[in-house]
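Colleague: how would this look folded up:
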Amino acid sequence: MNLDDLRKLSPEQAMQATAKELSLPADFFDRMWAQESGRGKSMRSPAGAEGHFQQMPATRRPLGERVRAEVNPPGIYEGLFMAGEVMRENLTKFKDPVDATRAYNAGWKPERWNNPET
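Modeller: Just a heads-up that it's a prediction; the model follows:
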């Protein structure tokens with residue numbers, strides 16, 4: 001699903017559609033949103049992650065270039081779109097939703113996954 005299509009839906013519908021496209025549980029991105037930013041209540045982490053889905057600028061910029069999308073971290077749809085794209089890449093690499101989610105939080109090096117956030 002592209003960013004323009006997501007914007008035509010409610011945030012809840014957009015999260016469900018993104019999850020369905022990736023064969024994840026329907027509430028996956030709602031749970032991620034709750035975990036990452038308290039559903040938009042905490043838009044910047046102490047580590048520097050930004051937005052509804054807490055993407056690091058170092059992740060967001062190159063991914064935005066690859067998918068040819070300008071990303072506004074405070075935007076719910078932009079954040080969801082980027083979270084979906086990161087999860088798509090992680091699922092391709094790790095084949096497992098749990099490991100893909102760990103990689104979303106801590107990067108692709110499994111030795112970094114054993115932290116309180118993952």
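Colleague: what does the helix or strand harbouring residue 16 rub up against?
Modeller: In the assignment (DSSP states H and E), residue 16 maps to helix 11-21. Contacts to helix 11-21, defined as C-beta atoms under 8 Å, 6 or more residues apart in numbering, come from residues 1, 5-7, 9, 25-30, 33, 76-77, 80-81, 83-84. Where C-beta positions appear, they are placed from N, C-alpha and C, glycine not excepted.
Colleague: what sits against the closest residue to residue 54 other than its chain neighbours?
Modeller: Spatial nearest neighbour of residue 54, excluding adjacent residues (C-beta to C-beta, 6 or more residues apart in numbering): residue 36 at 4.0 Å. The contact partners of residue 36, by C-beta under 8 Å, 6+ apart, come to 49, 52-54.
Colleague: now residue 58
Modeller: The neighbourhood of residue 58, defined by C-beta under 8 Å, 6+ apart, contains no residues.
Colleague: now it: how far from residue 39?
Modeller: 24 Å (C-beta to C-beta, to the nearest Å).
Colleague: am I right that the residue nearest to residue 54 sits in a helix?
Modeller: Yes: counting by DSSP: H, G, I helix; E, B strand; the rest coil, residue 36 is part of a helix.
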